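Undergrad: Turn this into a structure:
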Amino acid sequence: MTKQEAKRLLMLHSFMSENINHPKMENGFIGSLRPFSGKLNENNFHEVVKAIKTLSEEIRSEKIDREIMAAIWNICHLTKSWGTDDEGLLQRNNLISKEQILILENWVEKISYITMMLLNGCDISTAFEFYDNEV
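TA: Numbers count the residues shown, from 1 in each chain. Coordinates of the predicted model:
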């Protein structure tokens, strides 16, 4: 995956792409939560992590592309506010199971941890250590 493809993929998964007709806008990480079909797609999580890994050097650099960071932040924040928050629309409307909430929490925890580590200048292997050990 090239850096350009990785950024494009993050934009699609975060529902920030201008290409509103792309399938990932509906079925990607954020798109799949609203409306929620009742199913989580683990491949979306792995695609997001792979895109972040491809962009690791950019995230570790002094000047960070705002769109990359906004996409990662959108994924984390919207997943929490829609899916894992007790008052979020999925829980409030009984659309998501307790098991699915735990899965989403785990995914967001890993994405935010990796991003935090990279922003702090941590080496790439250490930043992805917990993710790599589980896959």
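
Undergrad: need the contact list for Arg60.
TA: Contacts for Arg60 (Cβ atoms under 8 Å, 6 or more residues apart in numbering) come out as Leu118, Leu119, Gly121, Cys122, Ile124. For every residue, glycine as well, the C-beta is placed using N, CA and C.

Undergrad: rerun at 6 Å
TA: Leu118, Gly121 (Cβ atoms under 6 Å, 6 or more residues apart in numbering).

Undergrad: residue ranges of the helices in this protein, please?
TA: Shown for the chain, the helices assigned by DSSP state H span residues 3-13, 23-27, 42-54, 56-60, 66-78, 89-92, 98-119, 124-127, 129-134.

Undergrad: between these, which one is nearest to Arg34?
TA: Among these, helix 89-92 comes nearest to Arg34, with 7.3 Å by Cβ to Cβ.

Undergrad: want to try a markdown table for the helices of the chain, with distance to Leu33 as columns?
TA: Below are the helices of the chain laid out as a markdown table (distance: least, Cβ to Cβ, whole Å):
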| stretch | distance to Leu33 |
| --- | --- |
| helix 3-13 | 11 |
| helix 23-27 | 10 |
| helix 42-54 | 10 |
| helix 56-60 | 24 |
| helix 66-78 | 7 |
| helix 89-92 | 7 |
| helix 98-119 | 8 |
| helix 124-127 | 25 |
| helix 129-134 | 21 |
